[in-house]
Each structure stands twice: as structure tokens, then as C-alpha cells.
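K.L.:
Okay, predicted coordinates and the sequence, questions at the end:
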Amino acid sequence: MNLIDRFGDIFQLSYVARDRDRAVEFAAAKLGIDNFFCFEGKCPVRTRGNVEDLLLRVAVANTGTHQFEIIEPVSGPTWIYTEGRDLDRQALSLHHVGVAVMGPHSVWQDTIAQLRADGDEIVQISELAPGEEPQALFAYVDNRASLGHFTEYLWWSPAMNGTPTMPTLMQGERA
């Protein structure tokens with residue numbers, strides 16, 4: 001599958017910030033985005049051969065048919081958000097585009113298998129505990145050398161009412 005074929009399902013632009021709350025203020029003042037849903041997300045991820053808990057402070061806002069996301073890395077394997085970035089120089093730094101993986105969980109499994117078969121390097125992927133029912137799953141492919149950003153593939157279960165978010169976040173909770 002060609003990369004451009006996958007990009008037809010881009011629904012999100014995601015930025016990294018040193019301070020989520022300051023970045024939200026900036027987005028409201030400069031971009032006119034004032035409908036952010038802010039939360040803290042903690043989930044286990046597999047990265048660099050290990051499983052570690054990742055803690056992020058996140059803000060998401062829907063703008064038309066797309067989502068604008070701001071991520072403040074807090075703890076765990078945050079290298080994916082900070083490596084090669086000077087977060088003190090700008091309010092927001094482009095991190096990834098988000099590609100929706102629509103359908104049942106089997107579509108997610110097929111997508112991951114296809115990414116690997118195509119030679120895409122998955123540098124971070126959400127990890128489920130044994131027996132855990134998936135709510136939302138994500139995987140980052142490193143496209144920085146060719147496109148200048150990561151690509152995130154995100155699947156969420158129908159039980160989440162089509163709202164992509166972090167896997168262990170209870171809908172409606174705010175940080």
C-alpha cells in the first residue's frame with residue numbers, strides 16, 4: 001500500500017508543547033480554537049523493545065471534520081515527543097498527522113500487519129494488558145526522514161462513540 005493511500009484518512013494534526021495550558025491559550029488567541037477538551041492520559045506503550053507507562057497532558061479540539069491536538073509529554077518514554085525539538089523556542093511544534101483506522105478491531109490488526117509488511121518502522125505502539133478489551137489503540141511510524149513528522153495510526157472501539165482519545169481515559173473526565 002502506498003503511504004498516500006493511507007493519508008486519505010488523516011483526521012488530526014498534532015503538536016507538542018512544553019506547557020499544554022500555555023499552548024491552549026496560544027491556540028485560542030492566534031488560531032481561534034477555543035473548544036479544547038483537556039485531559040491527562042496514562043497508558044502502557046511498547047517502544048524500543050520495552051513496555052513502559054507513558055503519561056501525557058493532552059488537549060484536543062474538533063475543527064470541522066478534523067482534530068487539532070496538543071501534547072505535553074510528562075513522563076515515561078517521552079523521547080518520541082522531545083527528541084530533536086527545542087520546545088522552548090516556539091509555542092507549538094508539529095509532531096504528527098493522525099490517520100483514522102476505521103472498523104472492527106480486526107481492521108486495526110490488519111493495518112499493523114500491513115505497516116510492518118511494508119517496512120514501516122513502528123517506533124511506539126499502545127500495549128494491552130492480557131485479557132484487556134481494547135478501547136483505543138495507537139501506533140507511531142517514524143516518517144521524519146522523508147516527511148519531517150511522525151504518522152500516528154489510531155483505532156477506537158465503537159463503544160467510544162467515535163471519539164479518539166487515549167486508551168485508558170474515561171470519556172467525560174477532565175484534567
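P.N.:
Received the coordinates, thanks.
K.L.:
gap between P130 and P44?
P.N.:
According to C-beta to C-beta, to the nearest Å, P130 and P44 sit 12 Å apart. Placement of C-beta: from N, CA and C, glycine included.
K.L.:
Between the two, point out the one with more neighbours.
P.N.:
Neighbours were counted for P130 and for P44 using other C-beta atoms under 10 Å; P44 has more, 16 against 4.
K.L.:
Please name the residues that touch the more buried one.
P.N.:
If a contact means C-beta atoms under 8 Å, 6 or more residues apart in numbering, then P44 has V51, E52, D53, L54, S126, E127, A129 as its contacts.
K.L.:
Look up which residues are beta-bridged to it.
P.N.:
On the basis of DSSP bridges, P44 is bridged to D53.
K.L.:
Please determine how far it is located from V141.
P.N.:
19 Å.
K.L.:
end to end, how far does stretch 84-103 reach?
P.N.:
34 Å (C-alpha to C-alpha, to the nearest Å).
K.L.:
List the buried residues in that stretch.
P.N.:
By neighbour count on 16 or more other C-beta atoms under 10 Å, the buried set for stretch 84-103 is L87, A91, L92, S93, H95, H96, V97, G98, V99, A100, V101.
K.L.:
tell me the SS of the first one?
P.N.:
Spelled out, it's L87. Recorded secondary structure, L87: coil (DSSP: H, G, I helix; E, B strand; the rest coil).
K.L.:
May I have the residues that are in contact with the closest residue to it other than its chain neighbours?
P.N.:
In space, and not counting its chain neighbours, L87 is closest to R18: 4.0 Å by C-beta to C-beta, 6 or more residues apart in numbering. Taking C-beta under 8 Å, 6+ apart, we find R18 in contact with E72, L87, D88.
K.L.:
how close does V24 sit to T63?
P.N.:
14 Å.
K.L.:
again with I33
P.N.:
Counting by C-beta to C-beta, the gap from I33 to T63 is 6 Å.
K.L.:
Please compute how far the strand or helix carrying A113 lies from its chain's middle.
P.N.:
In the assignment (DSSP states H and E), A113 maps to helix 105-117. Offset of helix 105-117 from its chain centre (C-alpha atoms, centre = their mean, to the nearest Å): 17 Å.
K.L.:
which parts of it are buried?
P.N.:
So, applying 16+ other C-beta under 10 Å, buried residues of helix 105-117: W108, T111, I112, L115.
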